[in-house]
Each structure stands twice: as C-alpha cells, then as structure tokens.
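task: produce atomic coordinates for the following.
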Amino acid sequence: QGLKSGFESCWHPHFGTDTISAEEPTVLSLWNSRKTADFLKQGIVKLSQIEQDDLKFDGDMTSPLTGLARQWLQIEKVKNHDSSVYLDKAGLAEQLAKFNYPLHFIDFETSTAALPFFKGMVPYETIAFQFSQHTLHENGTVEHKTQFLGVTPGSFPNFDFVRALKQALTSDEGTIFCYSKHENTVLTHILLQLERSGEQDKAGLIDFIKTITKSSKDIVPGWQGKRVMVDMLELVKGYYYDPVTGGSNSIKDVLPAMLARCTMLQSIYSLPVYGTVTMPS
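Got it, this is the predicted structure:
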C-alpha cells in the first residue's frame, strides 16, 4: 500500500537479494539453531535454502523426534509448502498410557526483583506468590481445583506456597504436568531456601518437593522424584509440530495453533463453560 518494509530495507543491502520478504521464513526462525550466523555468512538467508548436509542430519525421524529431526521437519515443510500438522500418534499414545488419573496441571507466578524484598535475600532471588491447579478427571471433567495467592504485606510467601501446593497435590497419585522447566526450577530454589531456614516442618516440605522434581546438574547429590512433573513442552518437541507456530514451542504459539486446528476443543471452549457446572472454578 505504498509503505516501506523495515525488514526488507534492512536485509536487501546486506544479502544482495530482492527475493526475500517479511512473509517468507528466514534462517532466524529455525528452532534452537546454533548455526544461524554460519548460514548467513554462507549467504543462506531463506529457511528453504538449508539442506540436510547443512544440518549434518542423517534423515533419522524416529520417535520421539531428536533436535535435528525437528529442525529438518520445520525446513522440509517450508520447502514443500506443507501446512499440515505433524503428530506422532503412536509415540504420544505410548506416553499417555503412562499417566495416572486424575491429571493435575499447575502454573506458577513468580518475581525475581533486583532489589530484595526481605532481609537476608540476594538480588534476583525467587519469590513464588501464586499458583493455580486444574484437574482433569478420567471422564473428561475439568475443574479449577485449588489456588494460592500470597497477598499479606511483609510476609515471605515461599514456604506457605509450598505448604499449599503439598496439600493440593498429595490427596492422590495423579500425574502432575507443567509447561517448560519454570515450575521445577522454582521448587528447587525454594528447597534450597528451606534448607537454610529454621521452619519446623522443613523436612516434610523438602521431601515433598523432591518427590515431584528433578535436580539440576549442579546439585550434588542429585535426585529425581518418583512422581516427577511431566513437562508438556518436551511432549510437544518430541511428538508434535504445527507450521503455524513458525518453529516456536512457546505455549503462547502452540496453544492457539492447537485450538485453531481442533474442532473438539473449539466446540467446548467457544462456549462460556468456565466457572459453570461443566467446568467448576
């Protein structure tokens, strides 16, 4: 419409091409790539210009997808103008069979401020002030089961946060889910805070955290809980890819893509069901 493209004005002089456009995927969009700078030095600008040899990918598309296989899947769909979803139904079904109902989905809200809120804390030390827990029952019923919100002025919330989480998740042995490593990282951080604390119930809280988390490599001795949280991000990376996401695995891209594809989900969530008998809150 007579307007200029900042993207094209930036890229054309540097790469000497008039064919690149903001609508065409570039090497910048390749998921988890450590070779982007090398591609650009070689004059490889478009995602469709990358070949298997450039990735050093042997073509193995076994289940679950490796990082290289997922990269090649993204490239191949661009090359073939293929907008269809990749879904490894057999591999995903094998994972689903391991889960115990009811399924618990948790999400944390945290703060890592430069200026510590409380005496004895260091800059950017984690404060966990809110969580929500949704439960999916085997009959398909979903409910907003529990939540925690620390709003008492001057009160350090982390230990009450874990106490509330323990109460919410220990009434059954259902599988617990998160998306990405944030929840695991936060709980591990609170565990270390508990070890330095004088809380009377810290031993029980630490034991609870260890049952649902996996320690990072820098913690010795390490642990992996018998009920360790399932990271749905890893399920996405291993068994699912939608070209609409442009290579992103962020829940902010994956969830809208799934909703746009799935008529079953649309039939439920296009209606005002949240906070009703259908989906209690």
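
helices or strands up against the lengthiest helix in the chain?
Scanning the chain for the longest helix, with DSSP state H as the assignment, gives helix 182-196. With contacts taken as 3 or more Cβ pairs under 8 Å, 6 or more residues apart in numbering; DSSP states H and E, helix 182-196 sits against strand 103-111, helix 158-169, helix 202-212. Every C-beta, even on glycine, is put in place using the N, C-alpha and C of the backbone.

if you set the cut-off to 6 Å instead, what comes out?
strand 103-111, helix 202-212 (3 or more Cβ pairs under 6 Å, 6 or more residues apart in numbering; DSSP states H and E).

in it, what counts as buried?
Glu183, Asn184, Val186, Leu187, Thr188, His189, Ile190, Leu191, Gln193, Leu194 (16 or more other Cβ atoms under 10 Å).

could you dump the residues you listed into JSON lines with pLDDT and distance to Tyr274 added?
Shown next, in JSON lines, are the buried residues of helix 182-196 (pLDDT from 0 to 100; distance: Cβ to Cβ, whole Å):
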{"residue": "Glu183", "pLDDT": "97", "distance to Tyr274": "22"}
{"residue": "Asn184", "pLDDT": "97", "distance to Tyr274": "27"}
{"residue": "Val186", "pLDDT": "97", "distance to Tyr274": "26"}
{"residue": "Leu187", "pLDDT": "97", "distance to Tyr274": "27"}
{"residue": "Thr188", "pLDDT": "96", "distance to Tyr274": "32"}
{"residue": "His189", "pLDDT": "95", "distance to Tyr274": "31"}
{"residue": "Ile190", "pLDDT": "97", "distance to Tyr274": "30"}
{"residue": "Leu191", "pLDDT": "96", "distance to Tyr274": "33"}
{"residue": "Gln193", "pLDDT": "95", "distance to Tyr274": "34"}
{"residue": "Leu194", "pLDDT": "96", "distance to Tyr274": "34"}
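
quick revisit: what's next to the longest helix of the chain, contact-wise?
Contact partners of helix 182-196, identified using Cβ atoms under 6 Å, 6 or more residues apart in numbering, comprise Phe108, Thr110, Thr126, Ala128, Asn158, Val162, Lys202, Leu205, Ile206, Ile209, Thr213.
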